[in-house]
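**Student:** Structure of the sequence below:
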Amino acid sequence: MQGTIDGFNYGAVTPVAAYLMACLGAALGLRCTTRSLRTERSWKPGWLALGATSIGSGIWTMHFIAMIGFQVKEVPIGYDVPTTVASLAVAIVVVGIGVFIVGYRGATRATLLLAGTLTGLGVAAMHYIGMAGMRLHARMEYDTTTVVLSVVIAVVAATAALWAAVSIHGFLPSLAASMVMGIAVTGMHYTGMAAISVHLQGLTGVSAGGGSASSIMFPMLLGPVIFLVLAGVVVMFDPLLVLGEGEWDQPAAAKPAQNGTQARPVWPPVYDESADRRPPAPSAGPAPYRDTQRPRDW
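**Tutor:** Coordinates of the predicted model:
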């Protein structure tokens, strides 16, 4: 018997919320990766890790917010906690691999192809591992063509995200890029969901084990959402964002401007004794007699 699938049980609430979380994770990830390119080498891994965790958490949160609106009308759906947690770990790790590859090797064509493919396959794996964590008295089948299409979308979206992370600078361009990435990631999710068909087995209306959707989803979503909020606070108070795009943490910016351009401000300010025009402080004792040509009158 064929089950009746409803992917929008709460109307447009879950798709819109899922899209916004994907955009938030993408925006934070773009900002952190861009920041890593303008900082000291010792801080670079930290910014890249924060960016990768933001993107991975955003994608995972998007997926499971969308899954809150997914139901099979004939049977209740539960979720296996270890498998669900594993899907979050996969999302963060594979995005981290791609971000670190691009962050250290640059956005060359070969690098983007390698990193984008690995990351896209990982994002698709996160999606289908999360789906494997569903527990219901039914057999789920997938249409191969639609699954392949969802994987292609994931690879393209991941490649575009990695390119944007190291190539797009400025607030408004980054915001536009994160919105496009949110559309691509959310589109990948719903394309994958369109590949599902459910065949009922045994009794209907009986749980197949695992926690219920509400009892599992909301507590597990709380952690990644709090992390994204905290990451947003870190990015908002980043001096590079507050003071502008100046090379505030690079001493080379203190050099005089060339070709008539105005030098960018340096932070923290560097003290230059040669530029100090204040008169010297008076000495405690009598000043030495310096004019040896005039006759002495004593």
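
**Student:** Can you name the element that comes right after the worst-scoring helix or strand of the chain on mean pLDDT?
**Tutor:** Between all helices and strands in the chain, the lowest mean by mean pLDDT, DSSP states H and E belongs to strand 211-212, at a mean of 52. Using DSSP states H and E, the helix or strand that follows strand 211-212 in sequence is helix 213-236.

**Student:** Return the set of buried residues in that following helix.
**Tutor:** Using 16 or more other Cβ atoms under 10 Å as the test for burial, helix 213-236 gives 213, 216, 217, 220, 221, 224, 225, 227, 228, 231, 235. The way it works is simple: take the backbone N, C-alpha and C, and place the C-beta from them, glycine included.

**Student:** Could you dump those into JSON lines with distance to residue 102 and pLDDT added?
**Tutor:** Output for the buried residues of helix 213-236, formatted as JSON lines (distance: Cβ to Cβ, whole Å; pLDDT from 0 to 100):
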{"residue": "213", "distance to residue 102": "36", "pLDDT": "59"}
{"residue": "216", "distance to residue 102": "34", "pLDDT": "68"}
{"residue": "217", "distance to residue 102": "32", "pLDDT": "70"}
{"residue": "220", "distance to residue 102": "29", "pLDDT": "75"}
{"residue": "221", "distance to residue 102": "28", "pLDDT": "78"}
{"residue": "224", "distance to residue 102": "23", "pLDDT": "85"}
{"residue": "225", "distance to residue 102": "26", "pLDDT": "85"}
{"residue": "227", "distance to residue 102": "22", "pLDDT": "87"}
{"residue": "228", "distance to residue 102": "21", "pLDDT": "87"}
{"residue": "231", "distance to residue 102": "19", "pLDDT": "86"}
{"residue": "235", "distance to residue 102": "19", "pLDDT": "79"}
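
**Student:** between those residues, which is closest to residue 35?
**Tutor:** Residue 35 lies nearest to residue 235 out of the buried residues of helix 213-236, by Cβ to Cβ, at 7.8 Å.

**Student:** ok, and the closest non-adjacent residue to the closest one?
**Tutor:** Counting by Cβ to Cβ, 6 or more residues apart in numbering, residue 235 lies nearest to residue 31, which is 5.0 Å off, once chain neighbours are set aside.

**Student:** cool, and residue 125?
**Tutor:** Nearest to residue 125 is residue 90, by Cβ to Cβ, 6+ apart, at 5.6 Å.

**Student:** Please apply the same query to residue 14.
**Tutor:** In space, residue 14 is closest to residue 69, 3.4 Å off (Cβ to Cβ, 6+ apart).

**Student:** Next up, the contacts around that neighbour.
**Tutor:** 6, 7, 8, 9, 10, 11, 13, 14, 15 (Cβ atoms under 8 Å, 6 or more residues apart in numbering).

**Student:** Let's see that with 6 Å instead.
**Tutor:** Residues near residue 69 by Cβ atoms under 6 Å, 6 or more residues apart in numbering: 8, 9, 10, 14.
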